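K.L.:
kindly generate the corresponding structure for this input.
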Amino acid sequence: MTIRSINFVKGAVGAAVLVALAAAPAAAQLDDGATDCRATIAKGYSKLVSTAAKTITGCHKARNGGKILDTVDCNSIADADAAKGKIAGAQAKLVESIVEACGAETELLSTEYYFSCPAPCASASPNPIPTIGDLADCLACLGPELVAATSADTLDTPTPASMSKDDQKCHAAIAKSYPKYVSTLLKGRHGCQGDEDAEGRNDLDVCDEIDVDGKGAAALAKNEAGLEKSCALANLTNVASCATNMNDLKNCLQEEYDALALSSFTTTYELPATICPTGVRSTIRAGKSVDGDTNSTLSVGWTGLGHYIDIPDKYAISSDLDCPGTEAGSCGDCTVLGISATDPESLYSARCVENVQQSCTNPFGDDLVNCVGAGYVTNDCGYYLGTPLPTSAGGTPTCTMNRLFTNVTGTANPDTGESDLNLDLRAVVHLGGSQSRPCPICVGDPVAQDGLRQGTCTGGHSSINGDICDVQAFDKSYSTNGYPQVSGLSLDCPPHSLQNFSGSGLIIDLPLSTGPSSKPFGDACDGTQSHLSCACGVCNDGVTPCENDAECGSLGLGLCGQGDGPERAPNACDGFVCNDDAGLTDRGSCFEPLERYCDGFTKANGRGIIPCSSNGDCDNVTCPGAGCGDCELLQVKSCFLDPIEIEGIPSTTNPVLAGLFCLPPTSNSGINSAAGSPGPGAVKVDMLVDLLYD
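P.N.:
Residues are numbered from 1 along each chain as shown. Okay, here's the model as predicted:
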C-alpha cells in the first residue's frame with residue numbers, strides 16, 4: 001500500500017486538510033479482523049459523508065429560502081448542523097461502530113494504515129493516533145470537514161438578496177446533485193476495495209479512481225444535463241460557484257467533486273503521517289541485494305582490484321532527528337542527533353571494542369558492566385556500521401570491521417528526501433581467511449536479525465568456530481555464494497584480532513550525501529610517477545589521510561605521500577589511461593591489461609575474485625560447491641577517473657547516499673599493494689527508509 005498525498009483542487013482543503021509525508025512499503029496482508037474493520041469504517045464513513053452533504057445542502061436551501069438568517073455559514077459543520085444535529089448523530093454512530101468492530105485491531109494504527117489525524121481535525125486525536133477510539137474520533141471529524149471544504153469552494157455563501165430566483169435555482173442544483181455523484185463513486189469504490197481486501201490485496205491503487213460499471217459517468221452526465229437546464233437563465237457570477245461560464249463550471253465541479261470522492265475514499269483506509277518524524281531507520285541494501293539489484297557499490301584503492309565491492313545486505317541503522325518544522329511538508333532540514341540508542345539495531349551494533357562478540361549499552365563511551373574482564377585494556381563500547389565486510393583484491397582477502405569513532409552528524413529532510421551526513425569511521429582491516437571466505441560466516445540461524453544467537457560461527461579462527469551467532473546481514477558474493485542459504489554475516493563471528501593490520505583502525509572521514517561530490521587528482525604521485533597527479537595520500541604520521549601537502553602542513557604532519565604503501569599512481573592501466581564507462585562518472589576501465597580469473601566462483605555482480613594464470617591455480621584454491629572452475633574469466637581492470645565524481649539520489653523512501661574518501665595504508669604490504677592504498681575510495685549506499693515517530 002502506498003501512503004499518497006491527498007490532492008485537493010484548491011481553497012481551504014488544499015491548504016489545511018492533509019499532506020502525506022512519505023510513501024510506505026507494501027503493507028502485509030490483512031487478517032479477517034482487520035479486513036472486517038476496514039469494511040465497517042467504509043460503510044459508516046460513507047454514510048457520514050452523505051449525511052454531511054445532505055445537511056449542508058439543506059442548510060443552503062433554507063438560507064436561500066429565507067428560513068434561516070443569511071448570517072449562517074452553511075459551509076461550517078457547526079452552523080449547518082445546529083438545528084437538527086444529524087451530522088452529530090452520524091458521527092456518534094460511526095465512532096460506536098468503529099470501536100465495536102475494530103477495538104482489537106491496533107496493528108492498523110501504523111504508517112501503512114491509520115497514523116495521524118490531519119488538519120483541521122488534528123485536535124480530534126493525539127498524533128500519532130494512539131487508540132482505535134482516537135481513530136474513530138478523527139474519522140468522525142474528518143468526513144464532514146472534507147465535505148464542508150468542497151462546499152465552500154463550489155457553493156460559497158452568496159447572500160440570498162444578491163441572487164435572483166434563477167440564480168438560486170442554479171445554486172440549489174449544484175448543492176443537491178453533485179454530492180450524489182460522490183456517493184455513487186464511493187459506493188462502487190468501497191465495494192471494489194472490499195473485494196480486494198478479501199483477496200489479500202489491500203493496496204488502494206486498483207480502486208481509488210475506479211468508476212464501477214460506469215455508474216459515476218452516468219450520474220455525472222445527469223448532473224450536467226440538469227445543470228444546463230437549471231442554470232440556463234442564471235447569472236453565474238451571482239451563483240458564486242467555481243466558474244462563471246457553463247463549460248468551465250462543468251469542468252471545475254467535476255474536478256472538485258472528483259477530488260472529494262478520492263479524498264473520502266483514501267481517508268477511509270489511510271491516514272498518513274502529518275507530523276514530523278523524530279527519527280529515521282535506514283535499511284542498507286547491497287548492490288546485489290536479496291531483493292534485487294540496487295545502486296549500492298564500494299570501490300577502494302587506485303589499482304582497481306578493490307573496486308566493485310558489494311557491501312553487506314539488509315542491515316539497518318537508526319538515527320534520531322530534530323526537525324525545525326512540526327507538520328509534514330514543512331519539516332525542513334532536520335538535525336541528525338546521532339545513533340538512536342533505543343532502537344533494535346543498537347542491540348547488535350553496539351559492541352565492546354576489545355571483544356566484538358560482547359554487546360554493550362553505551363556507544364562512544366565506557367561500559368563498566370559489559371566491557372570489563374581479563375585482558376581488557378579499555379572499557380570502550382563501540383558502534384559498528386554493519387557486519388564484517390568481506391572482500392578479496394588481487395588474491396589478498398580482507399575482512400574489515402567498520403566502527404563509528406564518533407557519532408553521526410548531519411541533516412536529513414523528510415519533505416524532500418535530501419540528506420547530508422558525516423561519518424567518522426575507523427576501518428579495522430584484517431587479513432582474511434581465504435579468497436572464497438574472507439570473513440567468518442554464521443550458519444544455521446533459523447531467523448536472521450532477531451537478536452537470538454541460534455546459528456554457529458564457521459570458517460574463522462578456532463577461537464570462534466562453533467560459537468553461537470545471529471545472522472545480521474547477507475552477502476551474495478561471499479557468505480551465501482555456494483554456502484548454505486541459512487548463512488550470513490554477523491558481528492558475533494568477527495575475524496581474529498591477531499590478523500589485524502590496522503591497529504585501532506584506519507581513519508576514514510566519509511561524507512555521504514544525496515547530492516553531488518567531486519574529488520580531483522590534486523597531489524603529486526610518488527617516485528617514478530611523481531610527474532603524475534594522484535587523488536589521495538597519507539601524512540608523515542602514516543595514519544592521517546590527505547589530499548595534498550598543504551593539508552598535512554596545516555596539521556603539522558609534514559607532507560602528503562605514500563607512507564608505508566606502494567608508490568602511488570593514478571591507476572594501474574597501461575599508460576595510465578582510464579577510459580570512460582557509459583553511465584559512470586567515478587570509475588572507468590583500462591583497455592589493458594586483461595586479467596584472468598577462475599570462472600567458478602565470482603562476485604554476485606559477475607566480476608572475478610580469484611586471479612589465475614592457469615587452471616591449476618583454480619584447482620589449488622578451495623571454493624564451495626563445484627569448486628573454483630577454470631581460468632577462463634577475462635576482464636579489464638577498473639580505474640578511477642580524474643576527477644572522481646559521484647552523486648546520490650534524494651528520496652523519502654529509497655534514497656541513495658554517495659560519498660568520496662581517502663583510504664590510508666595498513667601495516668601489511670600485501671594488502672596495500674593489492675588494493676592500492678593509500679588511495680581514493682567511492683561509495684554509493686542504496687537504502688530503504690522508514691520514518692520514526694514518538
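
K.L.:
where exactly do the helices run in the chain?
P.N.:
11-16, 32-64, 77-80, 86-102, 132-154, 165-198, 215-230, 236-239, 246-269, 345-349, 549-554, 615-619, 669-675 (DSSP state H).

K.L.:
if I take the fourth one and helix 32-64, what angle do their directions form?
P.N.:
Relative orientation of helix 86-102 with respect to helix 32-64: 180 degrees, computed using axes from the mean of the first three to the mean of the last three C-alpha atoms, to 10 degrees.

K.L.:
which residues does stretch 649-658 contact?
P.N.:
21-25, 295-296, 414-419, 421, 512-515, 517, 646-648, 682-689, 691 (C-beta atoms under 8 Å, 6 or more residues apart in numbering). (Each C-beta comes from the backbone N, C-alpha and C, glycine too.)

K.L.:
what are the buried residues along it?
P.N.:
Neighbour-count burial for stretch 649-658, counted by 16 or more other C-beta atoms under 10 Å, picks out 649, 651, 652, 653, 654, 655, 656, 657, 658.

K.L.:
which ones among the residues you listed are found in strands?
P.N.:
656, 657, 658 (DSSP state E).

K.L.:
can I get these in CSV with pLDDT and distance to residue 310?
P.N.:
Shown next, in CSV, are these (pLDDT from 0 to 100; distance: C-beta to C-beta, whole Å):
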residue, pLDDT, distance to residue 310
656, 98, 15
657, 98, 16
658, 98, 16
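
K.L.:
circling back: out of the helices of the chain, which gets nearest to residue 493?
P.N.:
helix 345-349 (12.1 Å; C-beta to C-beta).

K.L.:
tell me the mean pLDDT over that closest one?
P.N.:
Here helix 345-349 scores 81 as its mean pLDDT.

K.L.:
same check on stretch 507-522?
P.N.:
Mean predicted confidence for stretch 507-522 is 97.

K.L.:
for stretch 593-612, same thing?
P.N.:
The pLDDT scores in stretch 593-612 average 95.

K.L.:
ok, now stretch 65-85?
P.N.:
95.

K.L.:
which positions in stretch 614-628 come out as buried?
P.N.:
617, 618, 621, 623, 624, 627, 628.

K.L.:
out of the residues you listed, which is nearest to residue 452?
P.N.:
After measuring the buried residues of stretch 614-628 against residue 452 - C-beta to C-beta - the closest member comes out as residue 624, at 25.8 Å.

K.L.:
sorry, back to before: show the buried residues in the contacts of stretch 649-658.
P.N.:
So, by 16+ other C-beta under 10 Å, the buried ones in those are 21-25, 295-296, 414-415, 417-419, 421, 512-514, 517, 646, 648, 682-689, 691.

K.L.:
looking at the residues you listed, which are in strands?
P.N.:
418-419, 421, 512-513, 517, 646, 682-689, 691.

K.L.:
most widely separated two among the residues you listed?
P.N.:
Every pair of those checked by C-beta to C-beta; the farthest is 682 and 691, at 28.0 Å.

K.L.:
hang on, the earlier thing: looking at the helices of the chain, which one is packed in the most?
P.N.:
helix 132-154 (a mean of 24; mean count of other C-beta atoms under 10 Å).

K.L.:
now do it against helix 32-64, angle only.
P.N.:
40 degrees.

K.L.:
separation between residue 152 and residue 50?
P.N.:
18 Å (C-beta to C-beta, to the nearest Å).

K.L.:
correction: residue 276
P.N.:
From residue 276 to residue 50 the distance is 34 Å (C-beta to C-beta).

K.L.:
do the same with residue 658
P.N.:
Taking C-beta to C-beta, one finds residue 658 at 52 Å from residue 50.

K.L.:
how many neighbours does residue 499 have?
P.N.:
Other residues near residue 499 come to 16 when the count uses other C-beta atoms under 10 Å.

K.L.:
with that, I have no additional questions.
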